[in-house]
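**Student:** Predicted model follows, preceded by the sequence.
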Amino acid sequence: MDFKLETFLPYRLNQAAERVSQRFAAQYRSRYRMTRPEWRALAALGSYGRMTATEIGANSSMHKTKVSRAVRALEEKRWLKRSEDADDRRFEHLELTPAGRRIFTEMIELAHAYEREMAQLLGAGALEQLEAGLAAIEAKLPGTMPLRSSRE
């Protein structure tokens, strides 16, 4: 039975995603002392507005423990605030504070600069091919979890 892990598509996609993610993480880690789960939670809240921790986990494919730690860290930095659901006390809504929105805006500028750096590194043709390939995967293998729940 012939099998080479290094040519197995899921393995290669994971390795490529990890390299790209680590390279970007090094930038925001040094500037903001932020972990990847914190970045993902901040990005979700900045992009979609008020969410629950469960929605953040579904949006970012993070385990609830990582979401919980990230939320706590963002709250300690005063970048996030919690509010109890008026109808169901089991739910907490999370949203960015004004300071959190300012950091998110700065992070988006950093993210755009990183995308430009990656485009230059890969070249326009390779980047277009990569984007087309990712779009094909996303179209043929849609995710099972919603980005946002119907609960507001």
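**Tutor:** Received it, and whenever you're ready, just let me know what you need. Numbers count the residues shown, from 1 in each chain.

**Student:** Tell me where the protein has strands.
**Tutor:** With DSSP state E, the ranges of strands along the chain come out as 80-84, 92-96.

**Student:** With mean neighbour count, distance to Phe3 and mean pLDDT added, can I get those in TSV?
**Tutor:** Glycine gets a C-beta too; all of them are placed from N, C-alpha and C. Formatted as TSV, the strands of the chain follow (neighbours: other C-beta atoms under 10 Å; distance: least, C-beta to C-beta, whole Å; pLDDT from 0 to 100):
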stretch	mean neighbour count	distance to Phe3	mean pLDDT
strand 80-84	14	44	93
strand 92-96	18	43	95
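
**Student:** List the residues that contact the residue nearest the centre of the chain.
**Tutor:** For the chain, the residue nearest the mean C-alpha position is Arg40 (3.3 Å; C-alpha atoms, centre = their mean). Arg40 is in contact with Ile56, Ser60, Met62, Ala70, counting by C-beta atoms under 8 Å, 6 or more residues apart in numbering.

**Student:** For Ile108, which residues are in contact?
**Tutor:** Neighbour list for Ile108: Gly46 [criterion: C-beta under 8 Å, 6+ apart].
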